[in-house]
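Engineer: Below is the sequence, then the predicted model.
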Amino acid sequence: MKYVTMNNGGKCPVVGIGTFMLAPEDAQNSVREALKMGYRLVDTAAAYVNERAVGRGIKESGVSREEIFLSTKLWPSEYENENAVDETLERLGVDYIDLLYIHQPSGNWLAGYRLLEKAYKEGKAKSIGISNFEGKYIAELETKWEIAPQFIQVEAHPYFQQDELRITLDKYGIRLMAWYPLGHGDKSLINEPIFKALGEKYGKTPAQVILRWHTQMGFVVIPGSKNVDHIKDNLDILDFKLTDGEMEEIGKLNKGVRYYNGTEEQLAGYALWQPTYETK
């Protein structure tokens, strides 16, 4: 496994298992098998309603808690809940979280960020992050944080390389964790001729080439799957390296095309929705 260094000196694996849209049973199985394969980063969220299952998968893997980098996210409806962090720890069955995000710039998100800062000071979160805070949202937060985040989780892939956002990230040493790293499975992206050619050169699939591009950009990737073979393939990207010229050619694919375009109305609605958590 390779790691990136965060702005607080901590280390995070460059490849992890994501659990977005995985039912509890699938999340439990995927986490367990991924950790057995050598994954050491697991990403979940309150909104995925599978945190308890993720916790079970971690325990079943046999991998010690200290070896695992666990990230999760508080949902906007919890931002003013002073017990939200402790309740998250209880659902996951852990004593601390390696990376704790606020999930959306919705509702009283500043109160949510203050919960993160408090958890960080108390050692309940070893690092903190923001998810989907782009444009005006990160610009405002930048003027109000006491502790700068270690990570941001946003959509990123060769068609949408987050050039503008990365200017701010570089200023503070904030790392980027990419969701939709394969362009939400868009065949137009995956079937780009350059990825096929590089796959043939290195003995990899186009998807593996794209994931390797992410890690060489300094991004962390968290592709999710319930297919054991896909989970294994997604980890098998660290035994080759794209050249500077190849990275430059991939950079030319940057089209400003994204697959999720949330509206202000959607953001406002997020604060009104309360996840129905697993009870056991």
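Structural biologist: Sure thing, it's come through. Residues are numbered from 1 along each chain as shown.

Engineer: contacts and neighbour counts: CA atoms only from here.
Structural biologist: Fine.

Engineer: and residue 129, how many neighbours does it have?
Structural biologist: 26 (other C-alpha atoms under 10 Å).

Engineer: Report the mean confidence score over stretch 47-66.
Structural biologist: If you average the pLDDT over stretch 47-66, you get 98.

Engineer: end-to-end on that stretch?
Structural biologist: Taking C-alpha to C-alpha, to the nearest Å, the span from the opening residue of stretch 47-66 to its closing residue is 25 Å.

Engineer: Over to stretch 53-71?
Structural biologist: As for stretch 53-71, its first-to-last residue distance stands at 14 Å under the measure C-alpha to C-alpha.

Engineer: and the residue nearest the centre of the chain, what helix or strand is that in?
Structural biologist: By C-alpha atoms, centre = their mean, the chain has its centre lying nearest to residue 177, at 4.5 Å. With elements taken from DSSP states H and E, the one containing residue 177 is strand 175-179.

Engineer: how much space between the residue nearest to the centre of the chain and residue 161?
Structural biologist: Taking C-alpha to C-alpha as the measure, residue 177 falls 12 Å from residue 161.

Engineer: swap in residue 152?
Structural biologist: Taking C-alpha to C-alpha as the criterion, residue 152 is separated from residue 161 by 14 Å.

Engineer: quick one: which of these two has more around it?
Structural biologist: With neighbours defined as other C-alpha under 10 Å, residue 152 and residue 161 compare such that residue 152 has more, 24 against 21.

Engineer: you'd agree that one is in a strand?
Structural biologist: Yes - secondary structure of residue 152 (DSSP: H, G, I helix; E, B strand; the rest coil): part of a strand.

Engineer: Test my guess that it contacts residue 132.
Structural biologist: Yes - judged on C-alpha atoms under 8 Å, residue 152 makes contact with residue 132 at a distance of 7.4 Å.

Engineer: Tell me where the stretch 1-150 of the chain has helices.
Structural biologist: Chain-ordered helices for the stretch 1-150 of the chain, with DSSP state H, counting those that start in this stretch as the definition, fall at 24-37, 51-61, 84-92, 109-122, 136-142.

Engineer: which stretch among the ones you listed comes nearest residue 2?
Structural biologist: Each of the helices of the stretch 1-150 of the chain has some distance to residue 2 by C-alpha to C-alpha; the shortest is helix 24-37, at 14.6 Å.

Engineer: Report the buried residues of the closest one.
Structural biologist: When burial is assessed from 16 or more other C-alpha atoms under 10 Å, helix 24-37 yields the following buried residues: 24, 26-35.

Engineer: Show me which of those residues is closest to residue 271.
Structural biologist: The shortest gap between residue 271 and any of these belongs to residue 24, at 23.2 Å (C-alpha to C-alpha).

Engineer: need the contact list for that closest one.
Structural biologist: When contacts are counted by C-alpha atoms under 8 Å, 6 or more residues apart in numbering, residue 24 is found next to 49-54.

Engineer: what does residue 48 give?
Structural biologist: Here residue 48 is in contact with 19-22 (C-alpha under 8 Å, 6+ apart).

Engineer: Give me the buried subset of those residues.
Structural biologist: Burial of the contacts of residue 48 was assessed by neighbour count (16+ other C-alpha under 10 Å); the buried members are 19-20, 22.

Engineer: In the stretch 51-200 of the chain, where is pLDDT below threshold?
Structural biologist: By pLDDT under 70, the stretch 51-200 of the chain has no low-scoring segment.

Engineer: hmm, back to that, isn't the residue nearest to the centre of the chain up against residue 218?
Structural biologist: No - counting by C-alpha under 8 Å, residue 177 stays clear of residue 218, with 9.2 Å between them.
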